[in-house]
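Visitor: sequence and predicted structure, then a few things I'm wondering about:
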Amino acid sequence: MLEWLLRTEELVWKKYLEDKEEVYMSTIKIKQTKSRIGAPADQKRTLDALGLRKLNRVVEHEETPAILGMVNKVKHLVTIVK
């Protein structure tokens, strides 16, 4: 009985890990191309949250809806680098 339980648990973990491998999201690279000077405070905070503090810096993030929304908010200051 104990051996069967251990084998079943092992199979469950293998299935779980296989499912996790497929969940990884792609990453995007974001580059700040325009200055933050003159931008509203909320856009400056969005750039800070993305990790962009200087011009021509590139950061890499997972392509989640939250990150895409942040990029959309400051789309006039950044570009997506492939």
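Guide: Structure's in. What do you need? Numbering: from 1, shown residues only.

Visitor: how near is residue 35 to residue 66?
Guide: From residue 35 across to residue 66, the span is 25 Å (Cβ to Cβ, to the nearest Å). C-beta coordinates here come from the backbone N, C-alpha and C atoms, glycine included.

Visitor: again with residue 29
Guide: Look at residue 29 and residue 66: by Cβ to Cβ, they are 17 Å apart.

Visitor: what does residue 40 give?
Guide: In terms of Cβ to Cβ, residue 40 sits 20 Å off from residue 66.

Visitor: now do the same contact list for the residue nearest in space to the middle of the chain.
Guide: Residue closest to the average C-alpha location in the chain (Cα atoms, centre = their mean): residue 62, at 2.2 Å. Shown in contact with residue 62 (Cβ atoms under 8 Å, 6 or more residues apart in numbering): 25-28.

Visitor: look up which residues are beta-bridged to it.
Guide: Following DSSP bridges, residue 62 is listed with bridge partners residue 27.

Visitor: show the pLDDT at it.
Guide: We have a pLDDT of 93 for residue 62.

Visitor: and for residue 13?
Guide: At residue 13, the model reports a pLDDT of 69.

Visitor: average model confidence for the one helix or strand residue 43 maps to?
Guide: Residue 43 belongs to helix 41-50 when assigned by DSSP states H and E. What helix 41-50 shows for mean pLDDT is 97.

Visitor: in three-state terms, label residue 67 for me.
Guide: Following DSSP: H, G, I helix; E, B strand; the rest coil, the label given to residue 67 is helix.

Visitor: quick check, it in contact with residue 51.
Guide: No. Using Cβ atoms under 8 Å, residue 67 is not in contact with residue 51; the gap is 10.7 Å.

Visitor: and for those two, which residues touch both?
Guide: The contact sets of residue 67 and residue 51 overlap at residue 61 (Cβ under 8 Å, 6+ apart).

Visitor: between these two, who's got more neighbours?
Guide: residue 67 (17 against 13; other Cβ atoms under 10 Å).

Visitor: residues touching that one, list them.
Guide: Residue 67 sits next to 28, 50, 61 when contact means Cβ under 8 Å, 6+ apart.

Visitor: so the last one sits against residue 27, correct?
Guide: Same thing as residue 61. Yes. Assessed by Cβ under 8 Å, residue 61 is found in contact with residue 27 at 6.5 Å.
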